[in-house]
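Student: coordinates only, sequence not included:
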């Protein structure tokens, strides 16, 4: 699987209903992790690292083609194009983590809040550990 496809899958399942800016910020988190020695060194390894992204372990289908309503079909096409464009770019954010506004993970208290885009809050881990 290519890095662009792994990135497209992550964007589809994490942010398909979000504004493009939020989708780009989520891609930025993944790319920032790739560039950070504390995390895996490829897009696919970052995306599929155990329990890092909820869609990879929610027991729902991880095949975008199983989501056949019109907005999902359009989103899949658009996110593949966005991911292809971004997959080869350098990280442009410092954020290493994010979560939706609907949850409050315990780790959030330990990282610096960078801001919000769409329904996601973004954080930078400036600690020496992950």
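Tutor: Sure thing, it's come through. Keep in mind it's a predicted model, so treat the numbers as computed, not measured.
Student: Okay, and the residue minimising distance to the centre of the chain sits in which element?
Tutor: Residue closest to the average C-alpha location in the chain (CA atoms, centre = their mean): residue 26, at 4.0 Å. Of the helices and strands defined by DSSP states H and E, residue 26 is found in helix 20-35.
Student: same for the following helix or strand past that helix, what does it pack against?
Tutor: Remark: after helix 20-35, the chain's next helix or strand is helix 43-47, criterion DSSP H and E. Applying 3 or more CB pairs under 8 Å, 6 or more residues apart in numbering; DSSP states H and E, we find helix 43-47 packed against helix 3-15, helix 20-35. All C-beta atoms are positioned from the backbone trio N, CA, C, and that covers glycine.
Student: now, of those helices, which is deepest in the fold?
Tutor: Greatest average neighbour count among the helices and strands packed on helix 43-47 goes to helix 3-15 (a mean of 22), per mean count of other CB atoms under 10 Å.
Student: Let me see the residues that make contact with it.
Tutor: 22-23, 26-27, 30, 42-44, 47-48, 53-55, 62, 64, 75-76, 79-80, 82-84, 86-88, 118, 120 (CB atoms under 8 Å, 6 or more residues apart in numbering).
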